[in-house]
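Enquirer: Structure for the following, please:
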Amino acid sequence: MLHIAIAEDDSNYVRQLKEYLDRYSRERGTPTEVSVFPDGDELVENYQAQFDLILMDVEMPFLDGMSAAAEIRKRDSEVVIIFITNMAQYAIRGYAVDALDYVLKPVSYFAFAQRLDRAIARMKRREQKFIVIPVKGGNQKLDVSQLFYVECQGHTLLYHTASGVYTSTGTMKEVEARLSGFHFYRGNNGYLINLEHVDGVQDGLALVAGERLQLSRPRRSAFLEALTNYLGEVVK
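Expert: Residues are numbered from 1 along each chain as shown. I've put the predicted structure just below:
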């Protein structure tokens, strides 16, 4: 399902965009969930990286689309932004906030569907690279390639990443299932390790991003085998 935000102060355009999204969903077989914000400030206020796509009007009375997009980019580098505008020159300014595209008003369904096709293509290229985890006060999107390891302390999960440690809740079994498509392997009951960041194994310890993580005796051989297989794939 695509989670889409519409930031638009004109109710007529909101209605049209929702109709276009319904039609697109039927034609492409892509279910959507749409949230509407009448101004940029309402979208930004409690933004938690919860959307896949934002359709953003450039001209809004309180917080314009460019300013809203700049604020969103501070919290979410991956959401796809498409500007809705009646002035083509905003397309150039859109590069500053990594906007994917723009649609000129009045909006035609053909142009709109083309932009959505492009947006979904970008999402598919990225979809297996990020996970969203619950954190205090909202959600956090994590780049899996920058996730060193996950540490379990009871029902608390610590995600050790290149940008810091994020605290979440859940079980190691749940995390292991979510990351099963990536190169993660259990070192013991308390650590799920990204093999991409293992620099070596020494004295029963995995060297991961400058840290030494204990490998349990029952898992040690299987961990070494998984690491060897991963390295074999990388050098092919």
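Enquirer: ok, now how distant is the residue in the chain sticking out farthest from the centre from L213?
Expert: Distance from the centre of the chain peaks at D203, with 37.0 Å (CA atoms, centre = their mean). Distance from D203 to L213, counting by CB to CB, to the nearest Å: 12 Å. C-beta here means a position set from N, CA and C on the backbone, and glycine is covered the same way.
Enquirer: same question, S168
Expert: In terms of CB to CB, S168 sits 19 Å off from L213.
Enquirer: likewise S77?
Expert: From S77 across to L213, the span is 28 Å (CB to CB).
Enquirer: These two: who's more crowded?
Expert: Counted by other CB atoms under 10 Å, S77 and L213 do not tie: L213 has more neighbours, with 21 against 12.
Enquirer: if I look at that one, how far off is K173?
Expert: Distance of L213 to K173, given as CB to CB: 19 Å.
Enquirer: do D101 as well
Expert: Distance from D101 to K173, by CB to CB: 40 Å.
Enquirer: between those two, who's got more neighbours?
Expert: Taking neighbours as other CB under 10 Å, D101 and K173 compare with D101 leading, 17 against 10.
Enquirer: What part of this structure, helix or strand, is modelled with the least confidence?
Expert: Lowest on mean pLDDT, DSSP states H and E among the helices and strands of the chain sits helix 90-93, with a mean of 57.
Enquirer: Take the helix or strand just after it, keep the C-alpha atoms, and write them as CSV.
Expert: Proceeding N to C from helix 90-93, the next assigned helix or strand is strand 101-104, under DSSP states H and E. Included here for strand 101-104 are C-alpha records, laid out as CSV according to Å, rounded to 0.1, in the frame of the first residue of the first chain:
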residue,chain,number,x,y,z
ASP,A,101,9.0,16.0,-10.4
TYR,A,102,6.3,18.6,-10.8
VAL,A,103,2.9,18.7,-12.3
LEU,A,104,1.5,21.9,-13.8
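Enquirer: Could you list the paired strands of strand 101-104 along with their orientation?
Expert: Next to strand 101-104 in the sheet, as set by DSSP bridges, lie strand 80-85 (parallel).
Enquirer: and for the strand it pairs with, what are the contacting residues?
Expert: Residues outside strand 80-85 that contact it (CB atoms under 8 Å, 6 or more residues apart in numbering): 8, 13, 17, 52-59, 65, 69, 72, 90-91, 94, 97-105, 107, 115, 119, 122-123.
Enquirer: Just the buried ones from those residues?
Expert: 8, 13, 17, 52-59, 65, 69, 72, 90-91, 94, 97, 99-103, 107, 115, 119, 123 (16 or more other CB atoms under 10 Å).
Enquirer: can you give me the helices in the protein?
Expert: Applying DSSP state H to the chain gives helices spanning 11-28, 40-45, 65-75, 90-93, 109-126, 172-178, 217-235.
Enquirer: so where's this protein shaky on pLDDT?
Expert: Residue ranges of the chain with pLDDT under 70: 88-98, 125-128, 233-236.
Enquirer: 80 - rerun?
Expert: Filtered on pLDDT under 80, the chain yields the residue ranges 87-101, 122, 124-129, 181, 231-236.
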